[in-house]
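Asks: Here is a sequence together with a model predicted from it:
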Amino acid sequence: MDKILKEDCDYILKHTNIKKFKNSKILILGGNGFFATYIQVVLGFAQCKITSVSLNKPKGLFKQIYKKSKINFIQMDLNNEKKFKDLLKKKFDFIFHCATYGQPKKWSGNEWGTINLNINILKFILDHSVKYKSKILFLSSASVYAIPSNGKVIEEGSELGVGNFFNEIIYANSKIIGEKLCELYKKKHNIPVYIVRPAHTYGPGQDFQDPRVMPQLIKRALIEKKIYMFDKGKTVRTWGYISDVIIMLLNIIQSGKSLTYNVAGKDHLSIFKVAQTISKLTKNIPIKIINKNLKFTNSKPTILKVSSSKYIKEFKPKENISFESGVNKLINWNKGWQEIK
């Protein structure tokens, strides 16, 4: 385990008690994913039996972790209903449904996969919980919210939206239907299911092949020695470092009192501010604006400020990784991961 990942794991273990996971049987869907990778490395300290399912063989950061773990990895296409139902014949104490796309480019051309993962696969594991009372964590998204025109901070009860372009509409609405399925099963069967709505999360595991904005800006700074942007970066999002968000997920699935939680950082920052922070941490690499129409974003800057006040009130976290510290961790992790001198 590299130094930064170990620091993150130590930090997570300091701020959450994982005793309830000890000797339990855990199913992780989407094992190669960003959130799933961190969940698996932390739960490796709980002496539990982890079954990890992914469409592809272990890759990226998860591959590094998997090589030194006792994780039972299964390569499976979750669209294969028979194979997945066979897997669910076994009892699991906790199920993390992380097999949902978090990158806009993955929505495009994969409409059925998006719908299937967020609705049909979710229903199968909800049925499993009815039988075994498995605790379920469904990763929804802050994309389910309508973006307020006044920049108002979003709480869990804020208005839901339908998306702004075709693939986003498919994504957001399939998430909302998945959430309503969870709510239905909670009311009808009283199963221990939790919905989490992550905002923009960043950290180790996001390398230069990741198309999201932060690793791409870091790539430009470290490799190309210039940070270029395709607009003025006025869009505002809420940023949270991965270890803080993982603490939230692990606490919620163990002892959450509500059905739905926003899981986000405290920093509401523009993309330009993100670029400025990266510039500051990479010897003031210059920032250049190159006007270009982007396929996967809105034409006008938007402000999406997500609050995790419900979680904060319930769990009372004692500290958070600062934005600058978190970005610095991601920069240094990528330097080592990409072997940049």
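Replies: Sure, I can see it. Residues are numbered from 1 along each chain as shown.
Asks: Could you use CA atoms for every contact and neighbour count after this?
Replies: Fine.
Asks: For the stretch 101-250 of the chain, just list every one of the helices.
Replies: All helices of the stretch 101-250 of the chain, identified by DSSP state H, counting those that start in this stretch, fall at 104-107, 111-115, 121-132, 166-189, 213-219, 242-255.
Asks: which one of the ones you listed lies closest to residue 83?
Replies: helix 121-132 (11.8 Å; CA to CA).
Asks: got a list of contacts for that closest one?
Replies: 78, 85, 88, 91-93, 95, 97, 134-136, 138, 178, 181-182, 185, 189, 191-192 (CA atoms under 8 Å, 6 or more residues apart in numbering).
Asks: Spit out the contact partners of the residue lying closest to residue 301 once chain neighbours are set aside.
Replies: Leaving aside its sequence neighbours, residue 301 sits nearest to residue 235 (CA to CA, 6 or more residues apart in numbering; 4.4 Å). When contacts are counted by CA under 8 Å, 6+ apart, residue 235 touches 270, 271, 301, 302, 303.
Asks: Try it again at 10 Å.
Replies: 269, 270, 271, 272, 273, 297, 298, 300, 301, 302, 303, 304 (CA atoms under 10 Å, 6 or more residues apart in numbering).
Asks: Of those, which is the most crowded?
Replies: Using other CA atoms under 10 Å as the neighbour criterion, residue 304 leads those with 26 neighbours.
Asks: any idea which of the helices of the stretch 101-250 of the chain scores lowest on pLDDT?
Replies: Ranked by mean pLDDT, the helices of the stretch 101-250 of the chain bottom out at helix 104-107, which scores a mean of 56.
Asks: For residue 56, the count of nearby residues, please.
Replies: 13.
Asks: Looks to me like it is in a helix.
Replies: No. Residue 56 is assigned coil when assessed by DSSP: H, G, I helix; E, B strand; the rest coil, not a helix.
Asks: Pretty sure residue 78 is one of the things it touches, is it not?
Replies: No. With contact defined as CA atoms under 10 Å, residue 56 does not count as touching residue 78 (11.1 Å).
Asks: which residues are in contact with both of the two?
Replies: What both residue 56 and residue 78 touch, as defined by CA under 10 Å, 6+ apart, is the set residue 30.
Asks: and the closest residue in space to residue 134 that isn't next to it in sequence, what pLDDT?
Replies: Leaving aside its sequence neighbours, residue 134 sits nearest to residue 93 (CA to CA, 6+ apart; 4.6 Å). Note for residue 93: predicted pLDDT of 98.
Asks: Inside strands: which ones of the contacts of residue 235?
Replies: 269, 270 (DSSP state E).
Asks: so what's residue 197 up against?
Replies: 138-145, 156, 175, 260-264, 306, 308.
Asks: Could you check what's spatially nearest to it, not counting adjacent residues?
Replies: Closest to residue 197 by CA to CA, 6+ apart is residue 141, at 4.1 Å.
Asks: surely that neighbour meets residue 201?
Replies: No. In this structure, residue 141 is not within contact of residue 201 by CA under 10 Å, at 11.0 Å.
Asks: count of neighbours near residue 80?
Replies: For residue 80, using other CA under 10 Å, the count is 9.
Asks: what's it sitting at in phi/psi?
Replies: Main-chain dihedrals, residue 80, degrees, to the nearest 10: phi -80, psi 90.
Asks: Point out where the stretch 151-300 of the chain drops to low pLDDT.
Replies: Across the stretch 151-300 of the chain, the ranges flagged by pLDDT under 70 are 292-299.
Asks: Apply 80 and report the result again.
Replies: Residue ranges of the stretch 151-300 of the chain with pLDDT under 80: 163-167, 291-300.
Asks: Where do the strands of this structure begin and end?
Replies: According to DSSP E, the strands that the chain contains are 25-29, 49-54, 72-75, 94-97, 135-139, 193-198, 200-202, 227-229, 236-241, 260-263, 267-270, 287-289.
Asks: In CSV, list those strands along with distance to residue 40.
Replies: CSV is the format used below for these (distance: least, CA to CA, whole Å):
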stretch, distance to residue 40
strand 25-29, 8
strand 49-54, 8
strand 72-75, 11
strand 94-97, 10
strand 135-139, 14
strand 193-198, 18
strand 200-202, 17
strand 227-229, 33
strand 236-241, 17
strand 260-263, 18
strand 267-270, 26
strand 287-289, 37
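Asks: Of all these, which one is nearest residue 248?
Replies: Among the strands of the chain, strand 260-263 sits nearest to residue 248 (CA to CA), with 6.7 Å.
Asks: which residues sit against the closest one?
Replies: 137-142, 154-157, 179, 182-183, 193-201, 240, 244-249, 252, 306-312.
Asks: switch to 7 Å and redo it
Replies: Strand 260-263 is touched from outside by 156, 194-199, 245, 248, 307-308, 310-311, with contacts defined as CA atoms under 7 Å, 6 or more residues apart in numbering.
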